[in-house]
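S.K.: give me the fold of what follows.
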Amino acid sequence: MMMNLAEAPIDGWRVGALLREMVRSAVAEMMARLEAPVTAQDSARRVQKIAEKRAAVQTAQRARDWSLSPEFAGAAATMTGVPSEALVTPAIGREILSTARRLLDLARDVKEECSDPLHAGRALLDDVGLAPSRSALKSPLLLSEAIEKACTAATPDVETKLRTVGCLARAFFGDVPVATLPYDQIVEFLHFVWNMPKGWGKSHGRNRFEQIGRVLDPRDEQRVADQQDAALVKDILGNNRFSIPEKRRRLVEGLTPRLTDNYLFVQRDMFNRIVRAALGAAATARDLEDEDRVVPSHKQLRAKLVEWHKQARTPCGLPTRVSRPKRRRSWSLEHLVELLLSPIYTGTSSDAQRWRKATASKRVLRRDAIY
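M.R.: The predicted model follows:
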C-alpha cells in the first residue's frame, strides 16, 4: 500500500488518514447495526445491497474506473482534508476501491454470521493503523475542537499561546482529526514553525480605528520571506567584490529574522497540549519511548535543530537563516565611562535638572533611586 501512496498526487500521510477514517467509520457503523434490533427481511435486503455494491466495486476495479471512489470515501475525504478531485486519480482511487471491497466483505461476514467486526476485521484495522477496540472507533476530535478543548482549562497567557500555535497548525495541516497526524508530519510542522518570520501575523491592519483588517495566511508570509531571502543570498554570494566576512555581515543584517530555537520549544509544548486534549495523556506522557511518541520530545527536537541549522548554511558556511534573539549587548568601555562620569555620580548643580554639571560654588550628590 505504501508504494502506491508514494505515487499519490497529495501527501501520503493524508491519504493514509483518509483510509483510516474510511475504515473507522465503516466498522463503527457495523458495530451499531450489529447491536440494533433488525428483522429478517431487513437483514436479507442488507446482504443483497452489500453483494450489489461489492459486484459494482469489482467491476470498477477490472475496468480501472475510479469514479466510484467518492461514493465510499467522500465523507472521510471531507474530514481529512483530501480534495474530492483527488479521489478519482488512479493512485488514490485504487486504494479506496480496494479498501471498500475489503470492508464490504467484512460487512457481509458480520451480517451473515453475526461476527464481531473488531475480531473479524482485525487485519484490516491493523493495516490502516487502528487498534481492534471500541475506543479506537470513536469519532476523532478535529484540530479546531482540540484547540478549544485545550484552551478551556488554560490561563489567559497560555490560551494566547495555544491559539497562536493552533493558527499555524490549521494553516499547515488543515482542520483534520488530530488522530490522523503522524510523527513525521508533526516534525515537518515544527520545522515550518521554526522558519516563520519573527513578526508574522502583525500585518493584519487592525487597530482602534480599523477593526476589519485582512486575514493573513502564515504559509504566504513564510513563502514571501523565503523568496526575499533566496534573492538576497543569490545576490550577495554572486558578488565577488565582497570578502567572506563582508558577505556574512550583509547576510546577517539583510535576512528576515525567524523565530528562535527557544521559542520553538514553547510552541512545541503548546502543540503537545493540543494533542493531549485530543488523544489523552497516555499518548503524550513524558515517560514514553521515542518510537511511541506522537509529538517529538525535547531531546528529539534538539537533534532535529542541529540538522536544520546545518541545512540553513551555504556550502561555504554562510548563514541563510537568522533569528536575532532578544539579547542585551554588553556596554563598551566608552559608554561606561560616560555613564559613571555623568553629573548623577560626580555631582550636579541643580536638584530639578540633574543633568547639569556641578559648578565650583555648588555641588549636589543625591544618592536616590536614580543614583
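
S.K.: what number of residues lie near Leu104?
M.R.: Burial measure for Leu104: 22 neighbouring residues, criterion other Cβ atoms under 10 Å. (Each C-beta comes from the backbone N, C-alpha and C, glycine too.)

S.K.: surely it is in contact with Val57?
M.R.: Yes. Applying Cβ atoms under 8 Å as the test, Leu104 and Val57 come out as touching, 6.7 Å apart.

S.K.: any common contacting residues for these two?
M.R.: Contact criterion Cβ atoms under 8 Å, 6 or more residues apart in numbering; no residue bridges Leu104 and Val57 by contacting each.

S.K.: all the helices of the stretch 51-200 of the chain, residue numbers only.
M.R.: Shown for the stretch 51-200 of the chain, the helices assigned by DSSP state H, counting those that start in this stretch span residues 69-80, 90-113, 117-120, 122-128, 143-152, 156-173, 183-194.

S.K.: just the mean pLDDT for the fourth one, thanks.
M.R.: Regarding helix 122-128, the rounded mean pLDDT is 89.

S.K.: packing partners for that helix?
M.R.: Helix 122-128 makes packing contacts with helix 12-34, helix 90-113 when contacts are defined by 3 or more Cβ pairs under 8 Å, 6 or more residues apart in numbering; DSSP states H and E.

S.K.: okay, buried residues for stretch 339-348 please.
M.R.: 343-344, 348 (16 or more other Cβ atoms under 10 Å).

S.K.: can you pull the pLDDT of Leu264?
M.R.: At Leu264, pLDDT is 94.

S.K.: nearest residue to it other than its sequence neighbours?
M.R.: With sequence-adjacent residues excluded and distances taken as Cβ to Cβ, 6 or more residues apart in numbering, Leu264 is closest to Trp194, at 5.0 Å.

S.K.: measure the one you found to Val294 for me?
M.R.: Taking Cβ to Cβ, to the nearest Å as the measure, Trp194 falls 19 Å from Val294.

S.K.: between these two, which one's more packed in?
M.R.: Taking other Cβ under 10 Å, Trp194 and Val294 do not tie; Trp194 has more neighbours (23 against 18).

S.K.: and for Ile186, the neighbour number?
M.R.: 22.

S.K.: please name the nearest non-neighbouring residue to it.
M.R.: Spatial nearest neighbour of Ile186, excluding adjacent residues (Cβ to Cβ, 6+ apart): Val295 at 5.7 Å.

S.K.: need the three-state assignment for the one you found.
M.R.: Following DSSP: H, G, I helix; E, B strand; the rest coil, Val295 is assigned to coil.

S.K.: ok, back up a step: so what's the residue nearest to Leu264 up against?
M.R.: Neighbours of Trp194 in contact, by Cβ under 8 Å, 6+ apart: 258-259, 261, 264, 305, 308.

S.K.: pLDDT at Ala44, what is it?
M.R.: At Ala44, pLDDT is 85.

S.K.: whoops, Asp65 was the one
M.R.: pLDDT, Asp65: 91.

S.K.: tell me how far Gly254 lies from Asp351.
M.R.: Distance from Gly254 to Asp351, by Cβ to Cβ: 48 Å.

S.K.: meant to ask about Arg94, not that
M.R.: Arg94 is 87 Å from Asp351, by Cβ to Cβ.

S.K.: in terms of neighbours, single out the busier of those two.
M.R.: Neighbour tally, Arg94 and Asp351, criterion other Cβ under 10 Å: the higher count belongs to Arg94, 18 against 10.
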